[in-house]
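S.K.: From the sequence below, what's the structure:
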Amino acid sequence: MPLTPVGLAGVLVPNLAACGQIGVAVPQFALAVGTGVSTFAAASIVTSADTGLLGTGATAIPLLVPQPLLLSSLLTGFTATATLGVMAPLLATGLANGLNVGFLQGLITMAHPSVGFGAGVAKVIPKDAVPSMIAGFAAVGMTGTSSVKMATAIGIALTIVFTALTLPVPIMGAPGTLPGAGVGIGKIV
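M.R.: Below is the predicted model:
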């Protein structure tokens, strides 16, 4: 299942509510975040350093983003944009919990042209997430100074998260008998 705005919003709303974020604008906010995140993820590239047996392989694994990394990055983004207050940590927790589960809806798909069977270490090469988040907020009608500030905070956090994220990836395919190494390339869907 690919990352979609509606799929992400469906996971974000209950997680935001569980952290005290209630109100009529929460579904709209969740859809804005979902739209920005799915746009950002689709524009990101994934590369890997591979080792194993010579051949041609592929990878398809769920996108696992640790909640503590999300939470600390969101708090950093909130601080950078002066999005502070007694509810800010609860909002960051709700977003981190929701995105942690929501990202599992997406897949990392990769092609490994020189390793048919083995493992790699994948790294996401993200684009700046701030423009995607601002566009996501605008797409659902959330414009204005406060919306841009919140979108910027979340965008900063996503850029931090995906710059730091590395994942082990299994490589499956037609292996040869000789050792091989190389670089895999892929995307988030």
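
S.K.: From here on, just use CA atoms for contacts and neighbour counts.
M.R.: OK.

S.K.: what's the single longest helix in this protein?
M.R.: Under DSSP state H, the helix in the chain containing the largest number of residues is helix 145-164.

S.K.: and the next element down the chain from that one?
M.R.: From helix 145-164 onward toward the C-terminus, using DSSP states H and E, the following helix or strand is strand 166-188.

S.K.: Mind listing the strands that following strand pairs with, and their directions?
M.R.: strand 45-62 (antiparallel), strand 107-112 (antiparallel), strand 115-125 (antiparallel) (DSSP bridges).

S.K.: Reformat those as JSON lines; add mean pLDDT, distance to Ile188 and mean neighbour count.
M.R.: Shown next, in JSON lines, are those (pLDDT from 0 to 100; distance: least, C-alpha to C-alpha, whole Å; neighbours: other C-alpha atoms under 10 Å):
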{"stretch": "strand 45-62", "mean pLDDT": "97", "distance to Ile188": "7", "mean neighbour count": "20"}
{"stretch": "strand 107-112", "mean pLDDT": "97", "distance to Ile188": "5", "mean neighbour count": "22"}
{"stretch": "strand 115-125", "mean pLDDT": "96", "distance to Ile188": "9", "mean neighbour count": "23"}
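
S.K.: With distance to Pro14 as added columns, please give these in JSON lines.
M.R.: As requested, these are exported to JSON lines (distance: least, C-alpha to C-alpha, whole Å):
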{"stretch": "strand 45-62", "distance to Pro14": "21"}
{"stretch": "strand 107-112", "distance to Pro14": "22"}
{"stretch": "strand 115-125", "distance to Pro14": "28"}
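
S.K.: so which of these gets nearest Ile185?
M.R.: With respect to Ile185, and counting by C-alpha to C-alpha, the nearest of the strands paired with strand 166-188 is strand 45-62 at 4.5 Å.

S.K.: any idea which helix or strand comes after the closest one?
M.R.: The first helix or strand that comes after strand 45-62 along the chain, using DSSP H and E, is helix 67-80.

S.K.: Good, we can wrap up now.
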